[in-house]
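Participant: below are the sequence and a predicted model for it; my questions follow.
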Amino acid sequence: MKPLYSVAQIRDIETTALASLPPGSLMQRAGQSASELAVKLVAHRQSPQVLVLAGPGNNGGDALEVAANLGQAGIAVTVLRLAGASTPPDSARALLRARAGGVRFADALPADVDWALVVDGLFGIGLARALSGAARALACAVNEHDWPVLALDVPSGLDADTGALVGPDGVAVRAGHTITFIGDKPGLHTGQGRDYAGAVTLAGLGVELPAQAPAEAQLNEVALFARYLHPRAQNSHKGSFGNVAVIGGARGMLGAPVLAARGALLAGAGRVFVATLDRNPGLDMAQPELMFRDAAGYDPAGSTLVIGPGMGDSADALRLLHRAQGGAAPLVLDADALNLIAANPDLQLQLAQRTGATALTPHPLEAARLLGVTIAVIQGDRMAAARELAARLRCHVVLKGAGSVLARPDGMVVINPTGNPGLATAGTGDVLAGICGALLAQGWPGWEALLGAVWVHGAAADRLVAQGVGPIGLTAGELPAAARAVLNALVLEIGG
């Protein structure tokens with residue numbers, strides 16, 4: 001398990017740890033861990049110069065410890081402290097160490113220096129308002145250059161709980177690396193955090209995380225769904241791996257259900273049907289294994305349903321959705337199905353009363369419609385939005401986007417670490433819905449099917465980028481084959 005802790009939880013854990021440690025111990029450990037990483041980051045540079053930005057409070061003290069350690073290691077260090085910064089006792093000791101170690105102090109950002117590394121120790125997890133004044137100016141100045149940046153605990157200006165920038169007009173330091181202390185934080189892995197935190201390293205500082213205060217969130221990983229990655233028996237047939245029926249495809253929108261169906265087929269479903277509202281869907285010549293049906297007269301009994309891609313908002317679409325939700329079959333709701341549900345309280349009530357496995361896959365705009373709020377509200381606290389959707393509709397939910405957030409009705413949240421900007425193109429969400437449908441059809445439980453589908457979907461995009469396909473120009477149609485490769489590699493690794 002890779003737990004993610006809220007700021008409040010970290011504060012409580014830190015307070016408990018400090019009560020049994022000598023003064024300054026945690027700050028010294030944080031400074032040592034961060035300085036060791038900093039040395040690695042500048043190891044390729046000859047005579048590197050490091051700029052340390054030290055703010056008020058203990059985060060500034062951590063930065064001063066880093067400066068003192070780097071100075072003792074023979075690295076040229078310049079410290080820029082915010083004017084009027086407070087100096088708690090632990091930070092005061094770190095300041096004395098830095099001054100005694102020959103560290104240079106500056107009153108303003110030195111001009112014309114090619115910094116090998118900037119250490120951001122302006123503000124930590126306790127920042128409650130947008131950066132302003134000198135701190136804001138420093139953050140903007142650092143962001144304007146291509147200097148490598150190492151943030152301490154959290155990039156200054158980023159909300160460690162939500163991954164949003166602090167304040168309505170917020171600015172944050174954009175880091176290539178973040179070393180976070182005691183426990184990992186959700187805001188580093190979703191929303192703006194994916195861009196501002198960079199590569200995240202956890203330094204536990206020797207602090208024991210209490211079992212009686214379990215994390216409210218965690219990072220998605222293969223271990224969470226590995227038990228369902230089974231090698232296929234030789235004595236198998238197409239019926240062994242379930243049927244998926246993709247329902248959607250109004251006239252002019254057949255591409256969406258075809259992408260979902262290809263995702264389902266290449267993720268291992270035994271048979272895949274495409275039931276379209278367009279009465280003459282024809283044939284997918286690129287994937288002739290897909291079987292097309294007229295949705296009006298199609299009976300999907302015995303199939304896992306993926307409904308919504310390209311479905312439109314007609315009366316026929318509404319009837320099909322009502323019928324799908326009224327059954328007990330595993331159900332994946334995407335795209336137009338979500339918009340219909342958002343506009344129809346009766347569908348919402350019906351959905352909340354379902355007993356079969358149900359997964360919702362909204363992007364932020366669809367989530368905003370479902371909750372009756374703005375996209376800004378959704379993106380301002382992605383975990384809270386996913387939790388509310390899951391609780392209100394009694395479903396498993398993935399709020400798509402950078403660091404997709406998965407939520408269960410009981411409040412458990414998982415943030416997905418795989419994926420890249422190549423997924424920011426039309427149709428990739430349809431493929432995700434199809435992959436999820438395939439895993440459900442193969443007998444995976446609802447929660448694990450969603451966890452696995454989201455992880456594999458993102459890993460497929462990562463695989464393509466590693467092969468030189470994207471992120472610019474990566475297309476949804478390229479994802480199913482990559483997802484197949486990822487799934488087979490996982491089964492080989494996990495299941496033997």
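Facilitator: The structure has been received and is ready for your questions.

Participant: other SSEs contacting the helix or strand bottoming out on mean pLDDT in the chain?
Facilitator: Comparing every helix and strand of the chain by mean pLDDT, DSSP states H and E singles out helix 89-100 as the least confident one, with a mean of 90. Secondary-structure packing of helix 89-100 (3 or more CB pairs under 8 Å, 6 or more residues apart in numbering; DSSP states H and E): helix 25-42, helix 57-72. (Glycine included, C-beta is placed from N, CA and C.)

Participant: can you name the next helix or strand after the shortest one?
Facilitator: As assigned by DSSP states H and E, the chain's next helix or strand after helix 57-72 is strand 76-81.

Participant: so how far is that next one from its chain's centroid?
Facilitator: Centroid separation for strand 76-81 versus its chain: 34 Å, with CA atoms, centre = their mean, to the nearest Å.

Participant: and it with helix 89-100, angle?
Facilitator: Using axes from the mean of the first three to the mean of the last three CA atoms, to 10 degrees, one finds that strand 76-81 and helix 89-100 are set 140 degrees apart in direction.

Participant: which residue packs closest to Q49, ignoring adjacent ones?
Facilitator: A76 (4.8 Å; CB to CB, 6 or more residues apart in numbering).

Participant: same check, this time on N344
Facilitator: Distances taken as CB to CB, 6+ apart place L318 nearest to N344, at 7.4 Å, with adjacent residues excluded.

Participant: and what of K185?
Facilitator: Nearest one to K185, counting by CB to CB, 6+ apart, is A160 at 4.2 Å.

Participant: so which of the helices and strands packed on helix 89-100 is the most packed in?
Facilitator: For the helices and strands packed on helix 89-100, average neighbour numbers computed from mean count of other CB atoms under 10 Å are highest in helix 57-72, which has a mean of 27.

Participant: elements contacting that helix?
Facilitator: With contacts taken as 3+ CB pairs under 8 Å, 6+ apart, helix 57-72 sits against helix 25-42, strand 49-54, strand 76-81, helix 89-100, strand 117-121, strand 149-152.

Participant: so, low pLDDT: which residues of the stretch 101-250 of the chain?
Facilitator: Regions of the stretch 101-250 of the chain meeting the criterion pLDDT under 70 cover residues 212-213.

Participant: mind listing the helices for it?
Facilitator: Under the criterion DSSP state H, counting those that start in this stretch, helices of the stretch 101-250 of the chain are mapped to 133-144, 193-196.

Participant: so which residue is smack in the middle of the chain?
Facilitator: Centre of the chain computed as the mean C-alpha position; nearest residue by CA atoms, centre = their mean is G403, 1.5 Å away.

Participant: burial count for the closest residue to it other than its chain neighbours?
Facilitator: Excluding its sequence neighbours, the residue lying closest to G403 (CB to CB, 6+ apart) is T190, at 3.0 Å. Residue neighbour count, defined by other CB atoms under 10 Å, stands at 29 for T190.

Participant: roughly how far apart are T190 and I435?
Facilitator: For T190, the distance to I435 (CB to CB, to the nearest Å) stands at 21 Å.

Participant: repeat for A335
Facilitator: Computed with CB to CB, the distance linking A335 and I435 is 15 Å.

Participant: more crowded one of these two?
Facilitator: For A335 and I435, the more surrounded residue by other CB under 10 Å is I435, and the numbers stand at 36 against 26.

Participant: ok, that one - contacts?
Facilitator: For I435, the contacting residues are 263-264, 267, 453, 456-457, 480, 483, by CB atoms under 8 Å, 6 or more residues apart in numbering.

Participant: what strand or helix carries it?
Facilitator: With secondary structure defined by DSSP H and E, I435 is part of helix 428-441.

Participant: roughly how far is the strand or helix carrying V332 from the heart of the chain?
Facilitator: V332 is part of strand 331-333 when elements are defined by DSSP H and E. Relative to the mean C-alpha coordinate of its chain, strand 331-333 is positioned 21 Å out (CA atoms, centre = their mean).

Participant: one step back: please identify the deepest-packed of the helices of the stretch 101-250 of the chain.
Facilitator: Most buried of these, by mean neighbour count (mean count of other CB under 10 Å): helix 193-196, with a mean of 22.

Participant: doesn't G312 lie inside a helix?
Facilitator: No. Counting by DSSP: H, G, I helix; E, B strand; the rest coil, G312 is located in no helix; its state is coil.

Participant: next up, phi/psi of it, please.
Facilitator: Main-chain torsions, G312, degrees, to the nearest 10: phi 80, psi -170.

Participant: what sits against it?
Facilitator: By CB under 8 Å, 6+ apart, G312 lies in contact with 250, 253, 277, 336.

Participant: can you do 6 Å?
Facilitator: With contacts defined as CB atoms under 6 Å, 6 or more residues apart in numbering, the neighbours of G312 are 250, 336.

Participant: okay, it and A483: tell me how far apart.
Facilitator: G312 is 27 Å from A483, by CB to CB.

Participant: correct me, but D184 touches L4?
Facilitator: Yes. Counting by CB atoms under 6 Å, D184 does reach L4; the two are 5.3 Å apart.

Participant: how are the strands of the stretch 301-450 of the chain distributed by residue range?
Facilitator: Assigned by DSSP state E, counting those that start in this stretch, the strands in the stretch 301-450 of the chain fall at 303-307, 331-333, 358-360, 396-399, 405-407, 413-415.

Participant: show me what the fifth one is packed against.
Facilitator: Using 3 or more CB pairs under 6 Å, 6 or more residues apart in numbering; DSSP states H and E as the contact test, the elements touching strand 405-407 are helix 382-393, strand 396-399, strand 413-415.

Participant: residues in contact with that strand?
Facilitator: For strand 405-407, the external contacting residues (CB under 6 Å, 6+ apart) are 190, 382-383, 386-387, 390, 397-399, 413-415, 450.

Participant: ok, now the fourth one?
Facilitator: Residues outside strand 396-399 that contact it (CB under 6 Å, 6+ apart) are 359-361, 367, 382, 386, 389-390, 404-408, 446-447, 450, 454.

Participant: type out the PyMOL command that picks the buried ones from those residues.
Facilitator: To isolate the buried ones among these in PyMOL, judged by 16 or more other CB atoms under 10 Å, type:
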select buried, resi 359+360+361+367+382+386+389+390+404+405+406+407+408+446+447+450+454
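
Participant: for the residue of the chain most remote from its centre, what are its contacts?
Facilitator: In the chain, the greatest distance from the average C-alpha position (CA atoms, centre = their mean) is reached by A100, at 42.6 Å. Applying CB under 6 Å, 6+ apart, one finds that A100 lies in contact with no residue.

Participant: ditto for the one 5 residues further on
Facilitator: F105 is in contact with V79, counting by CB under 6 Å, 6+ apart.

Participant: how close does it sit to V79?
Facilitator: Counting by CB to CB, the gap from F105 to V79 is 5 Å.

Participant: cool, and L150?
Facilitator: Distance, L150 to V79, by CB to CB: 14 Å.

Participant: still on that earlier bit, check the gap between the residue nearest to N344 and A261 for me.
Facilitator: Shown here: L318 relative to A261, a distance of 22 Å by CB to CB.
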